[in-house]
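Q: I need the structure of the sequence given here:
(4 chains)
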2 protein chains.
Amino acid sequence: MWNTGPVTTPPPGLRERKKRATREALREAALRLAVERGPDHVRVDDIAEAAGVSPRTYNNYFASREQAIVSAVTADREARVAEAVAARGARTPLARAVTEAVVEQYTDTGGREREVLRLVTARGALREAFLDSSDAIAPPLTAVIAARPGVDGTATARVLAASVAAAVRIALEEWLRAPAGEGRAGGLVVPSGSLPDRLREALEPLAPALDAAERGGGRA
Amino acid sequence: MWNTGPVTTPPPGLRERKKRATREALREAALRLAVERGPDHVRVDDIAEAAGVSPRTYNNYFASREQAIVSAVTADREARVAEAVAARGARTPLARAVTEAVVEQYTDTGGREREVLRLVTARGALREAFLDSSDAIAPPLTAVIAARPGVDGTATARVLAASVAAAVRIALEEWLRAPAGEGRAGGLVVPSGSLPDRLREALEPLAPALDAAERGGGRA
DNA sequence: CAGAAAATTTGCGGGCACGCAAGCTTTCGT
DNA sequence: ACGAAAGCTTGCGTGCCCGCAAATTTTCTG
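A: The predicted structure follows:
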């Protein structure tokens, strides 16, 4: 009876491990093939075959063809944003905590991300799927915000979390709009210039709402 | 040379009229068939045939099968929300203007809406498409907010508009969650109970941000 | 008005998403 | 440890979305 912590995963169980493995295999295969051949020359059958599962199984894991690729790129960034907010504790005001957490998590370019960014950035269905992925921030962020002292209802937390997600999406859109704009970072096609600035810029209008929520909701 | 006003539509032109007519025919056909047979027993071919166009043309007007139906139900409500905000002028503070406009436009149940609500409310792909439709509020609302005196950048307006859209979506979700909840309105299955309350509740957390935007942005 | 230019409709074909019902694997109860 | 229950995978079939290019219609120009 090893101390597994308070609410930790009891023992992962064989079943769960297999699912994780399959998911990971699909992600990796999808990304690899997309990089090799270009995103428009990858069929869902190819991904399935490369991952060693049936084409039908692919759609048990991902609802669209692009989802696996962006899932490989973003790599659970959504969940880590929420963690980063929680890690800042109730000391720092909510607006600061959220802004810092978002900027932090979107700044860490996970290694080869530079190479991959052109792939997902190039306008197409992938670009859309990538932007949609930022909506996934909302659910975990809702939990974190709701747990804050002073926030009354879950409804408030949901609205604020969804607003943050929307702001992030807009920041990404604006960022992708100006490829070789003002602060071009070394002549690359990748618009790595001012993502943190765009994020801060987009989150700033929400700051009053975020901070007000902690001071007793709207009319409490 | 009749006075056509400053920026009014010059003369509608034949082409435009036909497009409007086709769009309307598709909407109406889709809604009628969905009511008659139930939403799952309507093929896109049926709608096209009923509207007198080819199946391929349907997808030139609507990107998904459900879009035509919800388009018939919501009937450009999105655009009217923006108009309702603008109609309130810069006198009333932004938060109030937006809240009142949204509540007003979502309260007017356009006639037989009661009959149709069960259709789009019944969980399925339609329900999802209906919720997605609230995102269409953002673009026109962005323009209205950006035109407000005191709002500095377009980015701010976009974020706020998107946040409002997200709040509306959440309000609709919560509203659909409790069919026969607290304020049941006459024993119907339709959860007409407290939609305005849910909308106000969802928009309230954003009020500080909306009002702050008019007082010179965040740090202006 | 004739002819060019621009936009829309339509048929065709490919690929994708998903419900359904076996078949097989993991998990659980005794 | 054994059998049942639950869950995952897979093949099949249906329907939908959309790119492409030819045909048709509307608009524009001289």
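Q: how far out from the middle of the chain is the lowest-mean-pLDDT helix or strand in chain A?
A: The weakest-scoring helix or strand in chain A, judged by mean pLDDT, DSSP states H and E, is helix A:113-121 (a mean of 81). Averaging C-alpha positions (Cα atoms, centre = their mean, to the nearest Å) puts helix A:113-121 15 Å from its chain's average.
Q: With stretch A:79-94 instead?
A: Stretch A:79-94 has its average C-alpha position 15 Å from the chain's average C-alpha position, going by Cα atoms, centre = their mean.
Q: Equivalent analysis for stretch A:198-216, please.
A: Using Cα atoms, centre = their mean, we find the averaged C-alpha position of stretch A:198-216 to lie 19 Å away from the chain's own average C-alpha position.
Q: ok, now stretch A:103-122?
A: Relative to the mean C-alpha coordinate of its chain, stretch A:103-122 is positioned 11 Å out (Cα atoms, centre = their mean).
Q: got it, and stretch A:209-218?
A: Going by Cα atoms, centre = their mean, the spacing between the C-alpha centre of stretch A:209-218 and its chain's C-alpha centre is 25 Å.
Q: Name the residues that touch it?
A: Surrounding stretch A:209-218, the residues in contact under the criterion Cβ atoms under 8 Å, 6 or more residues apart in numbering or on different chains are A:93-95, A:98, A:145, A:148-153, A:156-157, A:160, A:163-164, B:163, B:204-209. (Glycine included, C-beta is placed from N, CA and C.)
Q: what do you get if the cut-off is 6 Å, keeping everything else the same?
A: Applying Cβ atoms under 6 Å, 6 or more residues apart in numbering or on different chains, the set of residues contacting stretch A:209-218 from outside is A:93-95, A:150-152, A:156, B:204-209.
Q: interface residues of chain A facing DNA strand C?
A: In this structure, chain A approaches DNA strand C at residues A:13-16, A:18, A:42-45, A:56, A:58-59, A:63-66, judged by Cβ under 7 Å from any atom of the strand.
Q: circling back to that earlier point, and the following helix or strand past the least confident helix or strand of chain A, which residues are buried?
A: Tracing the chain C-terminally past helix A:113-121 and defining elements by DSSP states H and E, one meets helix A:125-133 next. Neighbour-count burial for helix A:125-133, counted by 16 or more other Cβ atoms under 10 Å in any protein chain shown, picks out A:Leu126, A:Arg127, A:Ala129, A:Phe130, A:Leu131, A:Ser133.
Q: Tell me the helices and strands packed up against the one helix or strand A:Leu141 maps to.
A: When elements are assigned from DSSP H and E, A:Leu141 belongs to helix A:138-146. For helix A:138-146, the contact count by 3 or more Cβ pairs under 6 Å, 6 or more residues apart in numbering or on different chains; DSSP states H and E identifies helix A:77-87, helix A:154-177 as packing neighbours.
Q: Neighbours of A:Glu49, how many?
A: Around A:Glu49 sit 15 other residues, with neighbours defined as other Cβ atoms under 10 Å in any protein chain shown.
Q: now A:Ser54
A: Counted with other Cβ under 10 Å, the burial measure for A:Ser54 works out to 12 neighbours.
Q: quick one: contacts of the least confident helix or strand of chain A?
A: Counting by Cβ under 6 Å, 6+ apart, the neighbours of helix A:113-121 from elsewhere in the structure are A:Ala34, A:Val73, A:Leu126, A:Phe130, A:Leu176, A:Val190.
Q: Which of the contacts of stretch A:209-218 fall within helices?
A: Per DSSP state H, helices hold the following members of the contacts of stretch A:209-218: A:Leu94, A:Ala95, A:Thr156, B:Ala207, B:Pro208, B:Ala209.
Q: Without its sequence neighbours, what residue ends up closest to the last one?
A: Pointing back at B:Ala209 there. Computed as Cβ to Cβ, 6 or more residues apart in numbering or on different chains, the closest residue to B:Ala209 that is not its neighbour in sequence is A:Ala209, at 3.8 Å.
Q: Tell me, what's the model's pLDDT at the one you found?
A: Model confidence at A:Ala209, given as pLDDT, is 97.
Q: Please tell me how far it sits from A:Pro55.
A: 45 Å (Cβ to Cβ, to the nearest Å).
Q: So which of these two has more stuff around it?
A: Looking at A:Ala209 and A:Pro55 with other Cβ under 10 Å, you find the greater number of neighbours at A:Ala209, namely 27 against 13.
Q: need the residues of chain A near chain B, please.
A: By the rule Cβ under 6 Å from any Cβ of the partner chain, the part of chain A lying against chain B is A:155-156, A:158-160, A:162-163, A:166-167, A:170, A:201-202, A:204-209, A:212-213, A:218.
Q: Can you tell me what sits against stretch A:33-46?
A: By Cβ under 6 Å, 6+ apart, the surrounding residues in contact with stretch A:33-46 are A:Pro55, A:Tyr58, A:Arg65, A:Ile69, A:Leu119, A:Leu126.
Q: which ones are touching the residue nearest the centre of chain A?
A: Centroid check for chain A by Cα atoms, centre = their mean gives A:Glu78 as the closest residue, at 3.5 Å. When contacts are counted by Cβ under 6 Å, 6+ apart, A:Glu78 touches A:Ala136, A:Ile137.
Q: If we use 8 Å, what do you get?
A: With contacts taken as Cβ under 8 Å, 6+ apart, A:Glu78 has the following neighbours: A:Ser133, A:Ser134, A:Ala136, A:Ile137, A:Pro140.
Q: Report pLDDT for it.
A: Among the per-residue scores, A:Glu78 shows a pLDDT of 90.
Q: ditto for the one 3 residues further on
A: Model confidence at A:Val81, expressed as pLDDT, equals 97.
Q: List the buried residues for stretch A:144-154?
A: Under the neighbour-count criterion of 16+ other Cβ under 10 Å, stretch A:144-154 has A:Val144, A:Ile145, A:Ala146, A:Arg148, A:Val151 buried.
Q: returning to what we had before: now the buried members of the residues of chain A next to chain B.
A: Buried positions within the residues of chain A next to chain B, assessed by neighbour count (16+ other Cβ under 10 Å), are A:155-156, A:158-160, A:162-163, A:166-167, A:170, A:201-202, A:204-209, A:212-213, A:218.
Q: near DNA strand D, which of these show up?
A: Counting by Cβ under 7 Å from any atom of the strand, nothing from these sits close to DNA strand D.
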